[in-house]
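K.L.:
got a sequence here, can you model it:
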Amino acid sequence: MRSIILILTILATAVNSCWAQDRAKKIRNKEYPSYIYRVTLHDKQNTPYSLERPTRFLSKRAVERRKRQGLPLDTTDLPVSPKYVRQIESLKTTVVGTSKWNNTILAQMKDTSELQRIRQLPCVKDCHLVWHAPDSIEPTALKTRYEESFHEWDSVATTLYGRADAQIKSLNGNRLHDINCMGEGMMIAVLDGGFKNVDKIPAFGKVDIRGTRDFIYPASPSVYYELDHGTKVLSTMTIQQPHYYIGTAPKASYWLLRCEDGQSEQEVEEDYWAIAAEFADSVGCDLINSSLGYNNFDKGHVSHKLWQLDGHSTFISHSASMVAKKGMILVNSAGNSGMGPWKKITFPADADDCLTVGAVTDLLTNAPFSSVGPTQDGRVKPDIVAIGSPTTVITGRGSIAQDMGTSFAAPIICGLTACLWQALPHKTALEIMELIRQSGNNKEHPDNISGFGLPNFWRAYMVGRM
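P.N.:
Just a heads-up that it's a prediction; the model follows:
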């Protein structure tokens, strides 16, 4: 027993040492003092936009996605009134983002002296503090070295999928690849905190990246300098290196959207998430992978409560519950709180009509850290599970490694969902999600640990063809 404890201690020390090398000392935040308020508006009057001319605010691809699924446009699709934005900007504030689905404006200011004047504007319904600049921060936009190629010992001659073999075959997703359904023609938005070195690591060189956006204030010099959490998430779907690693949707196209602030944990990240999801909608994405979740915030902000897990009570979950109504599929990680005091899924994993993904081990048993359900209104969560303890990923250093978390189970599912939708293009977002749930190995008795269980994507495809 002592030897086991010693080994674990040595491993933990080594891991912490590696992390320490990637983390810089805190420095004074040049944005301090600074505040961001969520300004909620009464209406969308005095707008130049019209539902009769949707291509002024939605791409042709986005409009066609709606038409294909019989989904009408509504006032939530209209951008925030430019007149109201100008009114806010005239009061010594900077508008750092707007959410059309929620009809809100993010107003940044150095002090709060103008806040009362904002509240008195006829168009303003409410103002709510969602961010205050910390006095010191730990820089995240750091350049790190990366490997030019995989190591020879990472190759697995016996399988085309290499180190990712179990991750796709446990879901029978390789059968979709066998019929040339590898995500081609599908567009996926990846919402995360950074995609370190994705622009440099050769293994990502074949990935069809349509673009990047940074929704954080202040913006990073590049999403490719930031945390490598998104790099790992992206790798599970995109890499195509036979006998080393093949992801679940290597022929799909991708938008890389940064909406998670690695320097603090505050409510504004829910606003960034919503704005990023709206952007994904506007450019015509079919799916969103969100390996993000919130419940506890930094000191000074009110953390969420269990009673709010109803898909609508929080800003982020209310926004996430709108994704399917726009014709997209949201795949969201369940969270890693299963062994902590919270235990439950995090927000927005409680959203209506999304695929919430929990984690299982490589032996396909439940991972103890995976967050559990149900939602407060009694819905089964998570919906399904995939391998997340551990998942084989590509790190920001360009190496094949293993990592733990529902963060990595979710994109495995997201990639295969894109492949399934490619194979069944006439299905709606809701129909595809239900096919996946009903293909699970626990569909007869879904529970709040593994939901409908481990899905069988080939079975989902065969049922969907009928």
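K.L.:
every contact and neighbour count from this point should use C-alpha atoms.
P.N.:
Fine.
K.L.:
tell me the pLDDT at the residue nearest to residue 147 when sequence neighbours are not counted?
P.N.:
Once flanking residues are discounted, residue 147 sits nearest to residue 398: 4.9 Å by Cα to Cα, 6 or more residues apart in numbering. Looking at residue 398, its pLDDT stands at 98.
K.L.:
backbone dihedrals for the most centrally placed residue in the chain, please?
P.N.:
Per Cα atoms, centre = their mean, the C-alpha nearest to the average position across the chain is that of residue 290, at 1.4 Å. Dihedral pair for residue 290: phi -130, psi 100, per degrees, to the nearest 10.
K.L.:
pretty sure it sits against residue 333.
P.N.:
Yes - with contact taken as Cα atoms under 8 Å, residue 290 and residue 333 are classed as touching, separated by 6.6 Å.
K.L.:
quick check: neighbours shared by the two?
P.N.:
residue 410 (Cα atoms under 8 Å, 6 or more residues apart in numbering).
K.L.:
what sits against the nearest residue to residue 250 once chain neighbours are set aside?
P.N.:
The shortest distance from residue 250 to any non-neighbouring residue, by Cα to Cα, 6+ apart, is to residue 238 (4.1 Å). For residue 238, the contact set (Cα under 8 Å, 6+ apart) comprises 204, 207, 246-252.
K.L.:
mind doing that once more with 10 Å?
P.N.:
Shown in contact with residue 238 (Cα atoms under 10 Å, 6 or more residues apart in numbering): 182-183, 203-209, 245-254, 411-412, 415.
K.L.:
so what pLDDT did it get?
P.N.:
At residue 238, pLDDT is 98.
K.L.:
can you check residue 137 too?
P.N.:
In this model, residue 137 is scored at 86, pLDDT.
K.L.:
for beta bridges, what are the partners of it?
P.N.:
Residues in a beta bridge with residue 137, per DSSP bridges, are residue 27.
K.L.:
that one against residue 264, yeah?
P.N.:
Yes - if you go by Cα atoms under 10 Å, residue 137 and residue 264 touch, sitting 8.1 Å apart.
K.L.:
any idea how far the residue nearest to residue 250 is from residue 203?
P.N.:
Distance of residue 238 to residue 203, computed by Cα to Cα, to the nearest Å: 9 Å.
K.L.:
which residues do those two both contact?
P.N.:
In contact with both residue 238 and residue 203: residue 245, using Cα under 10 Å, 6+ apart.
K.L.:
phi, psi for the residue lying closest to residue 108 once chain neighbours are set aside please.
P.N.:
Distances taken as Cα to Cα, 6+ apart place residue 36 nearest to residue 108, at 4.3 Å, with adjacent residues excluded. Main-chain torsions, residue 36, degrees, to the nearest 10: phi -130, psi 130.
K.L.:
tell me the contacts of residue 365?
P.N.:
By Cα under 10 Å, 6+ apart, residue 365 lies in contact with 359, 387, 389, 450.
K.L.:
right, and the residue nearest to residue 108 touches residue 106 too?
P.N.:
Yes - taking contacts as Cα under 10 Å, residue 36 lies within contact range of residue 106: 6.3 Å.
K.L.:
please identify every residue contacting each of those two.
P.N.:
The overlap between the contact sets of residue 36 and residue 106 (Cα under 10 Å, 6+ apart) consists of 93-96, 127-131, 268.
K.L.:
about what we covered before: which ChimeraX command selects the buried ones in the contacts of residue 365?
P.N.:
Buried members of the contacts of residue 365, defined by 16 or more other Cα atoms under 10 Å, are picked up in ChimeraX with:
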select :359,387,389,450
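K.L.:
biggest separation within the contacts of residue 365, which pair?
P.N.:
389 and 450 (13.7 Å; Cα to Cα).
K.L.:
what do these two both touch?
P.N.:
By Cα under 10 Å, 6+ apart, the residues touching both residue 389 and residue 450 are 359-360, 365-367, 370.
K.L.:
would JSON lines of those residues with distance to residue 436, pLDDT and secondary structure be doable?
P.N.:
Below are the shared contacts of residue 389 and residue 450 laid out as JSON lines (distance: Cα to Cα, whole Å; pLDDT from 0 to 100; DSSP: H, G, I helix; E, B strand; the rest coil):
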{"residue": "359", "distance to residue 436": "16", "pLDDT": "98", "secondary structure": "strand"}
{"residue": "360", "distance to residue 436": "17", "pLDDT": "98", "secondary structure": "strand"}
{"residue": "365", "distance to residue 436": "19", "pLDDT": "98", "secondary structure": "coil"}
{"residue": "366", "distance to residue 436": "19", "pLDDT": "98", "secondary structure": "strand"}
{"residue": "367", "distance to residue 436": "21", "pLDDT": "98", "secondary structure": "coil"}
{"residue": "370", "distance to residue 436": "20", "pLDDT": "98", "secondary structure": "coil"}
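K.L.:
just give me the closest of those to residue 84.
P.N.:
Nearest to residue 84 among the shared contacts of residue 389 and residue 450, with distances taken as Cα to Cα, is residue 370, at 43.0 Å.
K.L.:
check which residues of stretch 36-43 are buried.
P.N.:
Quick answer for stretch 36-43 (16+ other Cα under 10 Å): 36-41, 43.
K.L.:
in strands, which of those residues appear?
P.N.:
36-41 (DSSP state E).
K.L.:
quick check, nearest of these to residue 173?
P.N.:
Using Cα to Cα, those come closest to residue 173 at residue 38, 42.0 Å.
K.L.:
from residue 99, how far off is that closest one?
P.N.:
10 Å.
K.L.:
which neighbours do the two share?
P.N.:
105-106, 271.
K.L.:
my guess is residue 425 contacts residue 181, does it?
P.N.:
No - with contact defined as Cα under 10 Å, residue 425 does not reach residue 181; the gap is 11.3 Å.
K.L.:
now do the shared contacts for those two.
P.N.:
Residues within reach of residue 425 and of residue 181 at once, by Cα under 10 Å, 6+ apart, are 418-419.
K.L.:
many thanks, have a good one.
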